[in-house]
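> One predicted model, sequence on top.
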Amino acid sequence: MTSDFLLALAQAITKGLLTGMVYGLMALGLSVIFGVMRVVNFAHGEMMIVGMYLAWAGFEYFQVSPLVSLPLIAVLFFFMGYALQRGLISPFIGRPEHQQFLLLLGVALILVNVCLAVVGPDSHGIQLDSQFDSYEVGPLVLDAVRLHAAIGAIVIAGLLWLFFTRTRIGKSIRAAADNNMGALVVGLNVRRLYAVTFGVGAACVGAAGALMITIIPVTPSLAAEYTLLAFIIVIVGGLGSMTGALAGGLLIGVSEAVAGLLADPSLKSMFSFGLLILVLLLRPQGLLGKRGT
Amino acid sequence: MTGARLELIELGKNFRGLRAVHDVSFTVPAGAIHALIGPNGAGKTTIFNMIAGVYRPNAGTVTLDGRVISGQRPDQVCAAGVGRTFQLVKPFKGLSVLENVTVGALHRHRDLDTARQNAEVILTQLGLHDRRHHLAESLTLPDRKRLEVARALATEPRLLLLDEVMAGLRPTEVDVMVAFLRDLNARTGLTILLIEHVMRAVMALAAEVVVVSYGEKIAHGSPQEISRNPAVLDVYLGEEDAA
Amino acid sequence: MTIHRRLLSGVAPRILWMLMGLLALLIAAPYFIDKYALSVLILILYFAYVGQAWNIMMGFAGELSLGHALYAGLGGYVAAGLFTHYGLGPWAGVFAAAAAAALAGAIVGYLGFRFSLAGVYFALLTIAFGEFTRIAFDHLDWFGGSAGLFLKVDVAPNPFDLRGGPVLFYYVILALAAAAFVLSRLLLESRLGRYWLAIREDAEAAQAVGVPVLRYKLMAVMISAALTSLAGVWNAFYYNNLFPETAFGIGRSIEITLAPIIGGLGTLFGPIVGAVVLTGMGEAFTSLGDTLGIPGIKQIFYGLALLIIVMYRPAGIWPWLSERLGLGERPR
């Protein structure tokens, strides 16, 4: 092994870690929603691209940087998620999986095709001023946009951590996710808890979308890919586990980047799906998940 | 159809280091009715689940007519001649009462028509025949308990394990169930082991009673002996309503 | 019980006559409908067929598969590969196709059931296997890789090689759909079918009354997979091309599930009714979309329709419709 190769590997790992932070934030939304409601959000990737499109539109038409529009998008997504849960998903909690699947498939179809109808099938990216900037850390070169996105994801993850550990409703959500409603705090409105949870989950994925648009351009066809990616990440990290989602995001980010370096880039998701199968069979609670029922 | 002899030899089960059942041995002779009693959490259902093949014992064996059945899968234990009910009833909710029992009868009769005819006979015996076309989920709890018994009987067992089938029944309903089981036992010689809290039923049915507490057998004898046993009074009757 | 009795017992004569009449109409249809109507009928029958195949696994045995494209794709690729490389006709190749799909089903099922994956987890496993295979086929040159596998089209019509026009494919898919209906009924009215229903309702209770649960679940997956592979073979020869992206894609898997869920899971008519409704809606929305000239509008309406159906008829259209018509096929 030459030092050139080692450097390339380190470079790939770094790149994977930075992208993986954003993946983790996206998957965190899915994990929180499942952990509390036992509903798999089959429209997760579709919500992701809506976030990407909004950030893109903000930049394209109003010259607002995604990092600035991000809080607005997150808040908007929170209310959208809240309303979606109240209006559509609420009656389906506890129903058979195939009914939830069909419901969210309907939502997914509508979201992705509204994007298609409004923006069209072409890919849309944004050119930030920092597009070609980079930081050199020792021998490593870090893309500025990727680094900023990762920092953004870390900041949001930190805020979420505060929310989940310091606020009453955040603590209840976490308790509900850990015990699947076993230790639900008395006096809390369950319906509101569910709606807030969905709102928070949606805000995570909306914010992740605003960060992701700085890294790669968006097309409607990305939606299904992100849904699958989010599934892989949360299963690998542990469905319902919040730290697991972040760690799973990093792991998948790195493995994609390394697989892209070592093998045919088109094989990178084969590796991810292989990992998904292994984890499902051997450790269905996820690499970081707690063994449960 | 005749009964089979059940023998438990030094049976033990741990759950992640916690001792649920330890060194339990007893025999139910062919054609006998015995009861297994004890406070909640004493390990009765764990013992049942080891007999029925749901759990593999960590120690000891279960034999039916001398043949080892412990360690087999539940369906194999059923094929060996053990029928069981569940404490928390498990009807096939979306199927009719008749179909529930027919599934049991299909075990010995591959043909659907024959199985259905057998199921009808059993439903008549248990007084569920007029409700045979209702969905199982629409039944009341006492009827669901009866359905559990009917479905287990449909597999034509030689040993019947009844897990609290009297719980939730009114006294008159208990008497009906007791009469049915006694008649069934007299007619067919079916061996019965029942877990029961309703002492009225235990006294009326069981020739012998095994008492477990904290996973160990603490007494074994006739109902009269048991009701006078100080150790039993201490752990069991003292806590439960002795009615 | 004879096969004849299993098929017909408890079926009202008027329903039998209605079914016979419907079949006669479908057989005569190519002689009096136009090309477009025929293509729509072909789509309906295709979805009715794969829906019935999927329904055996999910509707009867209760195992949610969101990766059935795996079996359709394998079937299509195996038969098309044998035909392109060795000139082996699909009527023989279909056996290899069904065997390959059944084997794949056995592997997915065995792993899933052996490791007790249920519900969503099992569904995700089926998706993972489908996607894994999709990417693998991108790199299998024998099957054309990501560039696709193309069947020879410049040959004389020959039903023995499944080479011909839409009418040929219409009759083949009609025969498949009708056969699947009869097979579903026969399976349901047998010990196998009743054991599946019991497992679907409560696997633990089923095992306690002597049902070898793992074996019966595996049978459901393998039969469902083998039947699905026939649709894959038909599809490959109808469209004359195969791409891993579409043949194994998640979209293909999802479209297989829709008709039975919309129509009524676990019922005999549900997948067929669902196929009629969904295909009809699809066509209507397509022409609406063409009129409006907005891309994606078709799928928006489609998504809305799915939402509305699942909100108001969560058990499917057929159980409600049959009640209305006084036919009363309960969801089993």
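Sure thing, it's come through. Residues are numbered from 1 along each chain as shown, chains lettered A, B, ... in the order given.
> what are the ranges of the helices in chain B?
Counting by DSSP state H, chain B has helices at residues B:44-52, B:74-80, B:97-105, B:112-125, B:141-154, B:171-188, B:199-205, B:223-228, B:230-232.
> what angle separates the third one from helix B:141-154?
Between the axis of helix B:97-105 and that of helix B:141-154 there is an angle of 30 degrees, by axes from the mean of the first three to the mean of the last three C-alpha atoms, to 10 degrees.
> quick one: average pLDDT of helix B:97-105?
Mean pLDDT, helix B:97-105: 96.
> and what of the longest one?
Regarding helix B:171-188, the rounded mean pLDDT is 92.
> Which elements pack onto the helix or strand of chain B with the lowest mean pLDDT?
Lowest by mean pLDDT, DSSP states H and E among the helices and strands of chain B is helix B:230-232, with a mean of 83. When contacts are defined as 3 or more C-beta pairs under 8 Å, 6 or more residues apart in numbering or on different chains; DSSP states H and E, helix B:230-232 packs onto strand B:216-221. In short, each C-beta sits where N, CA and C put it, glycine included.
> Give the buried residues for the strand it packs on.
B:Glu216, B:Lys217, B:Ile218, B:Ala219, B:His220 (16 or more other C-beta atoms under 10 Å in any protein chain shown).
> on that earlier part again, can you point out the buried residues in the least confident helix or strand of chain B?
Under the neighbour-count criterion of 16+ other C-beta under 10 Å, helix B:230-232 has B:Val232 buried.
> Need the residues that contact that helix.
Helix B:230-232 is contacted by residues B:Val211, B:Ile218, B:Ala219, B:Ile226 when judged by C-beta atoms under 8 Å, 6 or more residues apart in numbering or on different chains.
> How about stretch C:93-101?
Outside stretch C:93-101, the residues touching it (C-beta under 8 Å, 6+ apart) are C:70-72, C:74-76, C:78-80, C:82-83, C:225-230, C:232-233.
> Same check on stretch C:305-322?
Taking C-beta under 8 Å, 6+ apart as the rule, stretch C:305-322 contacts A:88, A:91, A:95, A:99, A:102-103, A:105-107, A:109-110, C:258, C:260-265, C:267, C:269-270, C:273-274, C:277, C:281, C:328-331.
> go on, stretch B:111-118?
Contacts for stretch B:111-118 (C-beta under 8 Å, 6+ apart): B:98, B:102, B:105-106, B:109, B:154, C:1, C:5-6, C:189-191, C:194.
> Count the residues that sit near residue 6.
As the question left the chain open, I've gone with chain A. 11 (other C-beta atoms under 10 Å in any protein chain shown).
> Can you look at chain C instead?
Neighbour number of C:Arg6 under other C-beta under 10 Å is 19.
> Not counting its neighbours along the chain, what's nearest it?
Using C-beta to C-beta, 6 or more residues apart in numbering or on different chains and skipping the chain neighbours, the partner closest in space to C:Arg6 is C:Glu189 (4.3 Å).
> Out of the contacts of stretch B:111-118, who's the most crowded?
B:Thr102 (30 neighbours).
> OK, contacts around that residue?
By C-beta under 8 Å, 6+ apart, the neighbours of B:Thr102 are B:Leu112, B:Ala115, B:Arg116, B:Ala119, B:Ala154, C:Arg194.
> picking up where we left off before, any idea which of the buried residues of strand B:216-221 is closest to A:Val190?
Comparing the buried residues of strand B:216-221 against A:Val190 with C-beta to C-beta places B:Glu216 closest, at 42.2 Å.
> quick one, what contacts the closest residue to that closest one other than its chain neighbours?
Excluding the flanking residues, the one nearest B:Glu216 by C-beta to C-beta, 6+ apart is B:His22, at 5.2 Å. By C-beta under 8 Å, 6+ apart, B:His22 lies in contact with B:Gly12, B:Gly215, B:Glu216.
> Which of those residues sits closest to C:Tyr46?
B:Gly12 (57.8 Å).
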